[in-house]
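Engineer: the following block contains a protein sequence and its predicted model.
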Amino acid sequence: MLYNDSIMGRNVFSRRNLKHRVMGLVSVILIAAFMMQILPLPQISSALTNEEYDAKIKELQGQVDGYRNRAAELALQSETLNGAIAQLQLQQDEIQAEIDLNNAKLDKLNAEITENEIKMKKQSEALARSIAAAYITGQPSSLEVLANSNTLNDYINSKSQEEALQAQLNSLTNQINRIKKELQVQKYKVETILQDQTSRRDQIAASKQRQQELLSQTKGQEAEFQRMVKDNNREISRLRAEQEAANRAAGIGIGVVAGDPNRGGYPDYLNNAPQDALVDPWGMYNRECVSYTAWKVYQSYGNMPYWGGHGNANQWVGNARAVGIPTGSTPKVGSVGATSVGVYGHVVWVEAVSGDGSKVYVSQYNVPINGRWGMYSEQWIDASKYTYIYFGEWNR
């Protein structure tokens with residue numbers, strides 16, 4: 001009985017313990033659920049696909065091109081500003097030379113005025129001494145001179161000499177005043193010209209300062225755009241390295257070679273233009289896998305549907321089936337291999353099939369080769385990763 005009671009007691013304790021544990025677990029779950037609603041779950045990062053890498057790189061390259069164009073515009077603007085500043089400097093030098101010339105003229109006029117004033121003063125003093133010598137202090141009247149003269153002729157000569165000296169004094173005074181007036185007029189003209197030239201020089205200097213400030217600002221903007229170009233190029237290089245590493249890890253691009261130097265016959269006008277700069281006759285952007293493959297279909301069979309607007313590689317199988325073009329999993333020479341992997345997928349032209357059908361040798365565009373994109377290449381790939389479109393059978 002005691003044994004049974006003990007067992008019963010233990011069972012009751014176990015049930016109670018289990019109940020507490022269950023309630024505790026439920027509480028933890030409810031708390032966790034509540035916290036999940038409040039706190040956002042961390043985002044799980046995933047590797048980018050080839051197409052996503054391409055899109056990001058293309059976006060960065062577009063920014064690089066824009067930055068380069070703006071930097072080039074600013075460089076041209078800087079050249080123009082430098083030319084304007086140089087022209088203003090020539091004007092400033094020219095006006096300064098004119099100012100220096102007129103300052104020299106003004107100095108000469110001031111010296112001439114001073115020299116003439118000294119000269120005229122000396123002449124006036126000499127003439128004054130001559131007149132003084134002709135008269136005796138307390139000069140007698142004309143009647144006294146006449147009475148003391150031996151003859152009338154002596155009187156007339158004395159009077160004439162006095163009048164001549166007075167006339168000479170008047171003439172010298174008039175000459176002094178005329179020369180002084182002429183020199184003052186010339187000095188005023190030169191001073192007026194100097195004021196005008198100084199004002200022009202200051203205006204040119206202010207304009208030159210504004211141009212130099214604008215040049216400095218332009219140079220700063222050009223340097224900033226050049227820095228942005230470098231930053232984007234570094235980011236592009238990093239993305240390409242990351243993309244190639246991811247491709248190698250996934251087995252994509254392994255064994256890629258340049259292959260046919262004629263690029264499978266892909267037209268020069270499409271190959272020589274920058275990637276995505278042109279749209280081919282089938283609505284595809286140039287130097288993309290779809291453009292090259294569309295060309296191969298047309299080259300081989302003389303007919304390729306226009307799939308512009310819905311011609312991504314991962315749309316080709318659906319497009320083909322919609323118009324009755326046969327598709328399948330068996331690779332055939334002259335067929336198109338298509339995969340939906342990634343955002344846009346990839347298409348290739350089948351050049352050869354291995355004996356056991358497990359590998360296909362393909363030609364293609366826009367698989368990186370030596371770090372370059374938008375290029376023609378060839379490689380062996382796993383046949384099972386592609387669906388095949390038989391354009392040849394449809395065109396019979």
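Structural biologist: Yep, it's here. Residues are numbered from 1 along each chain as shown.
Engineer: identify the residue nearest residue 386 in space, chain neighbours excluded?
Structural biologist: In space, residue 386 comes closest to residue 337 once its chain neighbours are excluded; the distance is 3.6 Å by CB to CB, 6 or more residues apart in numbering. Every C-beta, even on glycine, is put in place using the N, C-alpha and C of the backbone.
Engineer: run through who's touching the helix or strand harbouring the one you found.
Structural biologist: Per DSSP states H and E, residue 337 falls inside strand 336-339. By CB atoms under 8 Å, 6 or more residues apart in numbering, the residues outside strand 336-339 that reach it are 293, 296-297, 313-314, 316-317, 331, 345-350, 360, 362, 381, 383, 385-389, 391.
Engineer: one more time with 10 Å, if that's ok
Structural biologist: Contact with strand 336-339 is made by 289-290, 293-294, 296-297, 313-320, 325, 327, 331, 345-350, 360, 362, 364, 381, 383, 385-392, as judged by CB atoms under 10 Å, 6 or more residues apart in numbering.
Engineer: strand partners (parallel or antiparallel) of that strand?
Structural biologist: Partners of strand 336-339 in the sheet, by DSSP bridges, are strand 346-353 (antiparallel), strand 387-389 (antiparallel).
Engineer: residues contacting the closest residue to residue 373 other than its chain neighbours?
Structural biologist: Closest residue to residue 373 apart from its sequence neighbours, by CB to CB, 6+ apart: residue 366 at 6.0 Å. The contact partners of residue 366, by CB under 10 Å, 6+ apart, come to 50-51, 54, 275-276, 285, 287-292, 313, 346, 373-377.
Engineer: can you select the buried ones from the residues you listed in ChimeraX?
Structural biologist: A single ChimeraX command suffices to select whichever of the contacts of residue 366 are buried according to 16 or more other CB atoms under 10 Å:
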select :50,51,54,275,276,285,287,288,289,290,291,292,313,346,373,374,375,376,377
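Engineer: what segments of the chain are helices?
Structural biologist: Remark: helices of the chain, listed N- to C-terminal, are 2-38, 50-134, 142-148, 152-250, 268-271, 289-301, 316-322, 391-394; assignment by DSSP state H.
Engineer: okay, the angle between the longest one and helix 50-134?
Structural biologist: What separates the directions of helix 152-250 and helix 50-134 is an angle of 170 degrees, with axes from the mean of the first three to the mean of the last three CA atoms, to 10 degrees.
Engineer: any weak-confidence spans in this protein?
Structural biologist: 1-51, 127-128, 130-162, 165, 243-244, 246-254 (pLDDT under 70).
Engineer: nearest residue to the middle of it?
Structural biologist: Computing the C-alpha centroid of the chain and ranking residues by CA atoms, centre = their mean puts residue 71 first, at 2.1 Å.
Engineer: and for it, nearest residue in space, chain neighbours not counted?
Structural biologist: Nearest to residue 71 is residue 225, by CB to CB, 6+ apart, at 4.1 Å.
Engineer: residues in contact with that neighbour?
Structural biologist: By CB under 10 Å, 6+ apart, residue 225 lies in contact with 66-75.
Engineer: return the member of those nearest to residue 255.
Structural biologist: Checking those against residue 255 with CB to CB, the nearest one is residue 68 at 35.1 Å.
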